[in-house]
Every structure is written in structure tokens, then in C-alpha cells.
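Student: This is a predicted model, with the sequence first.
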Amino acid sequence: MIEKAYAKINLILDIQGKRKDGYHELKSLMIPIEFHDDLKFEPSDSIELESNVYIEHNAIIKVAEIIQTKYQIKQGVKITLNKRIPIGAGLAGGSANISATIRGLNRFWDIKMSLNEQEDLANSLGSDTLFCLHNKRGILTGRGDHIEFLNVEKPIDAITLVCPNISILTKDVFSHYNHSGVHDFQRSVETYLTKGDENVLYNDLLIPAFKTSPKLQEIYDQIQVLGLKPHLSGSGSTLFLFNLSEDEIERLKTIKDIVIIHTQEHQELL
Ligand SMILES: C[C@@](CO)(OP(=O)(O)O)[C@H](O)COP(=O)(O)OP(=O)(O)OC[C@H]1O[C@@H](n2ccc(N)nc2=O)[C@H](O)[C@@H]1O
Ligand SMILES: Nc1ncnc2c1ncn2[C@@H]1O[C@H](COP(=O)(O)OP(=O)(O)O)[C@@H](O)[C@H]1O
């Protein structure tokens, strides 16, 4: 049995301020993209993880142990992770793996968790996890633990990811955040959804991410010098661009130390 763990990008990320629990209140317009890790589930006596990439304290193990204990499951599971989503890249690779483990084990161990139970578990384990459980375009609020789904009339069909070889800790980026932006979130969302104007997209973590990684700013500036418009996903380090021509892609390829990935918005096929 295979479960796909889809990456996300934040089209808009608005930070509203710091909460008493240490997290930041945010508002974000998020979409899932057609770029994913694969998690394979097979029978085993214990909980085992095999992965093409070594990740210390891999969250998949922790989630499997929590579910096994909570639902008193007698069997084990061997999970094989094929990781493609870069780590610390603002693409929610970790959260996507957590949510895919919840979905996958619910099926594999035939637990029959309700959607509500899965959502509560996801929310208790991370911040983008609720979104990654559903993988549908939506507006996230709170610390990302509330979602309002949006109809997708026209999925975004040409998204280019620029992944610098930089792993950024979300915590470090938030520690550099010190003031609210000047944007009107609701208005920007409406303008984007009605007109598709990418100029209204923004990310309040852009400057904090540059402070965390000056190398990221260097790459961002190089892309702008090429006459292109990069956007930052989450707390970085991934930048994304829309509708690039062949010529623009060739120009992008002149930048050193980046990986370029062509993708599109993910849509569940009914
Ligand atoms: C910023 C966002 C936007 O989509 O994306 P990423 O770029 O990390 O993917 C997310 O909210 C991140 O989600 P995630 O990476 O799961 O964060 P968590 O593990 O929950 O938090 C790591 C740390 O970041 C800080 N943090 C995170 C989320 C938030 N709303 N406020 C915070 O202040 C806290 O210091 C927290 O301890
Ligand atoms: N299965 C996993 N996949 C990715 N990251 C994981 C995983 N398990 C634990 N982590 C840890 O989660 C952190 C955040 O990873 P990730 O979600 O890729 O970043 P981001 O929040 O920037 O999207 C990293 O420090 C990483 O070591």
C-alpha cells in the first residue's frame, strides 16, 4: 500500500503577531502541488522505517508509535519512505509525512478513525499537518489549525520551484520576525482569486528568511536581475515562479547551486 505525501506552497503568508503559547497567529492561502514523497506500508512485527534519506528523529516513527499505542494495535508496520521533497525548504515535507502516516496507518491497520479524529491528531503533531491531511486549496488560520477550503476553478498549471541547497529551520525564521506587514490579506486573496494577479501575493517571512539565510537573498536577487518574479514559500528556502517560458527557464538555469523543479497545483482526481 502506497500513500503520497504532497508538498505545499504558500501563495500568501500573513503573520498576524505572536501568541501567548509562543506560536505566531497566521493567515495563509495555500495550495498542494504535484510533488510528493511516497510512503509504502508493509506488514512487520515491529515498527520499522527504511528511508532513502537519513533524517534524525524521523517524525514518521513517532506518529506510528503514537497511533499504535492510542488504538492498541497488535501488529507492527514497515514503512519505506522515498523522499523527494527537500528538508527545511518551506514545502512542508515533514508535515506531509506526518499526515500521510496518519492516512496510511488508518487504512493499513484498518482503524476506522473518523476524519475529525485524524484532524485532531494531525493538529497535535505540527502546524501544516491539517493542510497536508486534506491537500486541497484553502485558507489557513490560527497556527494553521483551521482551514477554509476554496473552490478551484482553474488550477495553477505551470509552477517552477527553485530549491537552493539551503535547509532553514522554521523556528529561526520566526525568531527574526518583528513586525506586521502592511498588506490587506482578505483583499489580496480576493484579487488573486478573481484576477490571477501574482503581484498581490506576499510573504511576511521574506525578510526574516533573508536574515536567517543571506545566501537565499542572493539567489532571490539573482532571479530578479534576470527579470523574473520569485515568491517565497513558507519560511523558505524554496522560491516559486509561475508560467515561465522556455527562454526564461534557460535564464534561470544560469544560477548556481539551485535545483529547478517543474510542477503544478495538485488536484484530487475524482
Ligand atoms: C511557516 C509555515 C507556513 O506554512 O511553513 P514552513 O515554511 O515551516 O513549511 C508553517 O506554519 C510552519 O509549520 P511547521 O514547519 O510544521 O512548524 P512547527 O514545527 O509547528 O513549528 C516550528 C517552530 O516555528 C515557530 N512557529 C511555527 C508556526 C507558527 N505559526 N508560529 C511559530 O512561531 C515556533 O517557534 C515553532 O516551535
Ligand atoms: N519525515 C520527515 N521529513 C522531513 N522532515 C522531517 C521528517 N521527520 C522529521 N523531520 C524534521 O522536521 C523539520 C522540518 O522539516 P520540513 O517539514 O521539511 O521543513 P519545512 O517546515 O521548512 O517545510 C526538519 O528539521 C526535519 O529534520
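Tutor: Alright, I've got the coordinates. Numbering: from 1, shown residues only. Ligands and ions are numbered 1, 2, ... in the order given.
Student: Give me the helices and strands touching the helix or strand harbouring T194, please.
Tutor: If you go by DSSP states H and E, T194 is part of helix 185-195. Here helix 185-195 touches strand 2-18, strand 24-42, going by 3 or more CB pairs under 8 Å, 6 or more residues apart in numbering; DSSP states H and E. All C-beta spots, glycine's among them, are computed from the backbone N, C-alpha and C.
Student: Can I get these in CSV including mean neighbour count, distance to A92 and mean pLDDT?
Tutor: What follows is those, written out as CSV (neighbours: other CB atoms under 10 Å; distance: least, CB to CB, whole Å; pLDDT from 0 to 100):
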stretch, mean neighbour count, distance to A92, mean pLDDT
strand 2-18, 21, 5, 97
strand 24-42, 20, 9, 98
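Student: List the buried residues in the helix holding T194.
Tutor: F185, S188, V189, Y192, L193 (16 or more other CB atoms under 10 Å).
Student: Turn those into CSV, including distance to S167 and pLDDT.
Tutor: Output for those, formatted as CSV (distance: CB to CB, whole Å; pLDDT from 0 to 100):
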residue, distance to S167, pLDDT
F185, 28, 97
S188, 29, 98
V189, 30, 97
Y192, 29, 97
L193, 32, 96
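Student: and of those residues, the nearest to ligand 1?
Tutor: F185 (13.9 Å; CB to the nearest ligand atom).
Student: so that closest one touches L11, yeah?
Tutor: No. In this structure F185 lies outside contact range of L11 using CB atoms under 8 Å: 11.4 Å.
Student: ok but G94 is inside a strand, no?
Tutor: No. Counting by DSSP: H, G, I helix; E, B strand; the rest coil, G94 is not part of a strand but helix.
Student: Break down the stretch 1-150 of the chain into its helices, ranges please.
Tutor: 59-70, 93-108, 115-125, 129-134 (DSSP state H, counting those that start in this stretch).
Student: And the residue in the chain positioned nearest to ligand 2, how close does it get to ligand 1?
Tutor: Going by CB to the nearest ligand atom, ligand 2 is nearest to G94 of the chain, at 2.8 Å. Using CB to the nearest ligand atom, to the nearest Å, we find G94 at a distance of 6 Å from ligand 1.
Student: Let's see the pLDDT reported for K154.
Tutor: The model reports K154 with a pLDDT of 89.
Student: who are the neighbours in contact with it?
Tutor: G196 (CB atoms under 8 Å, 6 or more residues apart in numbering).
Student: helix or strand for it, which one?
Tutor: When the helices and strands are read off by DSSP H and E, none of them contains K154.
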